[in-house]
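1. Got a predicted structure here, sequence first:
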Amino acid sequence: MRTSVAIIGAGPAGALLSQILHNAEIDHVVLERQTRDYVLTRIRAGVLEWSSVEVIRAAGVGDRMDADGDAHDLINLAWGGKHVLPVQLKALTGRQMMAYGQTELQQDLYEAADRNGTALIFSAENVAVHDVTSDSPYVTFRHNGVDERIDCDYIAGCDGFHGVSRAAIPESERTEFERIYPFGWLGILSETPPLPHLVYTNHERGFGLCSTRNPMLSRYYVQCPIEDSIDDWSDDRFWSELAARLPTHIANDIVTGPSIEKSIAPLRSFVAEPMRHGNLLLAGDSAHIVPPTGAKGLNLAVSDVHLLSQALIARYANGDTAGLDQYSSDALHRVWASVRFSWWMTTLLHRFPGATDFEQRMQERELEYLASSAAAQTSLAEQYVGVPFV
Ligand code: APR
Ligand code: PHB
């Protein structure tokens, strides 16, 4: 096979890049290790920056998001079991946050690919990249028991943190930055009506988050020791712990119910530089991971794809490679901004094991300062809804 762009990975980054390249009539192939159903059943993020909403609409896959998504004017920060600060995203920035599940977006992207007749190759095994620093890179893989090869101009590594693309950049050329957080998030889904707005809570018992997927599907999280397993957490224990970490009037509004999904995720900040090596370009989790506190993982995948697709369109439309030459530094500028914001939100809202009284006081004072300062709230709000693309 021969194509212009070989995309590895059909998660949000790979599938959105495919959609935008299709719209620009740039031929491409997408190789996905898992089955379509496996990808569609993964429970992931649920919050879109307004910048992401605009990219998704421009790609022509925003109809169901606009119909079923839930645009929010505010998020609530709670602390000390009694304080609640509404951060007025729309009033402070003119932009909202869109609550729309990543699995819904994935469904929209796959249905668009079906309509487009895109070569989405699922169950691709042993995907490997070759000659990425040459002018004729290629990808090999095995599919339906047959060894295949795709010759291409560019390879887009959209294969997530555990993919093969990042490792194709020699260690001597790659710099990695990482912070592992000493706790995890236990998350559940319940078929119950969510609270009207997201609530992030800092409490001496630990962090909690009340979120949403749709009017009859709620997503909740509590911080837990990283060594915990879901067997340690009955539904009853989860609900009572979440309530204990919230102001009483908010806890009383939560409609509890049986969990239909329960999982524990570790938290890390990770960035690999650069995001380009020869004709291999990384986008999304293949290049960076953020703790979910700032709701940036999915949105960084969208912003990388926005920048990469614009660069590829310029290259194929008029041979202008400036965007590709600038891609890594442009993408990393936004990546580091979101990595810093996600680190800051995580540090502000979680109880760190072994934290000193001084550090607790610093958290409390920062939350009180946020409550007292429209400037501080505006800073949080503009980072949460996403700064517009230049
Ligand atoms: N060959 C082919 N596909 C692969 C390979 C491989 N060697 N390794 C991984 N993949 C696939 C995975 O199965 C997955 O479907 O690449 C895809 C990567 O998707 P994500 O991990 O979702 O990463 P990304 O598309 O960058 O989206 C980031 O997804 O995981 C969440 O929290 C993350 O919300 C963020 C978003
Ligand atoms: C979610 O709904 O899964 C969610 C929302 C906000 C976050 C993280 C996760 O910061």
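-> Sure, I can see it. Numbering: from 1, shown residues only. Ligands and ions are numbered 1, 2, ... in the order given.
2. what's near enough to touch the residue of the stretch 151-300 of the chain found nearest ligand 1?
-> Going by Cβ to the nearest ligand atom, ligand 1 is nearest to G284 of the stretch 151-300 of the chain, at 2.2 Å. Any C-beta I mention is one placed from the backbone N, CA and C, and that applies to glycine too. Residues in contact with G284 (Cβ atoms under 8 Å, 6 or more residues apart in numbering) are G9, G11, P12, A13, G14, C158, G160, L300, A301, D304, V305.
3. and if we set it to 6 Å?
-> Residues near G284 by Cβ atoms under 6 Å, 6 or more residues apart in numbering: A13, C158, A301, D304.
4. Kindly report the same for T378.
-> Contact analysis of T378 by Cβ under 6 Å, 6+ apart lists L92.
5. Would you double-check that it falls in a helix?
-> Yes. The assignment for T378 by DSSP: H, G, I helix; E, B strand; the rest coil puts it in a helix.
6. one step back: most surrounded residue in the contacts of G284?
-> C158 (33 neighbours; other Cβ atoms under 10 Å).
7. Looks like that one contacts L16 (just checking).
-> No. C158 lies out of contact with L16 (Cβ atoms under 6 Å); the separation is 8.7 Å.
8. where's D108 relative to H162, distance?
-> Distance, D108 to H162, by Cβ to Cβ, to the nearest Å: 24 Å.
9. Between those two, tell me which one has more neighbours.
-> D108 (23 against 9).
10. Wait, A381 touches R95, no?
-> No. Counting by Cβ under 6 Å, A381 stays clear of R95, with 8.4 Å between them.
11. Please save the CA atoms from the lowest-mean-pLDDT helix or strand in the chain in PDB.
-> In the chain, the helix or strand scored least confidently by mean pLDDT, DSSP states H and E is helix 357-372, which has a mean of 94. Extracted as PDB, the C-alpha positions of helix 357-372 are listed here (Å, rounded to 0.1, in the frame of the first residue of the first chain):
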ATOM      1  CA  ASP A 357       0.600  21.400  58.200                       C
ATOM      2  CA  PHE A 358       2.400  24.300  56.400                       C
ATOM      3  CA  GLU A 359       1.500  22.700  53.000                       C
ATOM      4  CA  GLN A 360      -2.100  22.200  54.100                       C
ATOM      5  CA  ARG A 361      -2.200  25.900  55.000                       C
ATOM      6  CA  MET A 362      -0.800  26.800  51.600                       C
ATOM      7  CA  GLN A 363      -3.700  24.900  49.900                       C
ATOM      8  CA  GLU A 364      -6.300  26.500  52.100                       C
ATOM      9  CA  ARG A 365      -4.900  30.000  51.600                       C
ATOM     10  CA  GLU A 366      -4.800  29.600  47.900                       C
ATOM     11  CA  LEU A 367      -8.400  28.500  47.800                       C
ATOM     12  CA  GLU A 368      -9.400  31.400  50.000                       C
ATOM     13  CA  TYR A 369      -7.400  33.800  47.700                       C
ATOM     14  CA  LEU A 370      -9.300  32.300  44.700                       C
ATOM     15  CA  ALA A 371     -12.500  33.000  46.500                       C
ATOM     16  CA  SER A 372     -11.500  36.600  47.100                       C
END
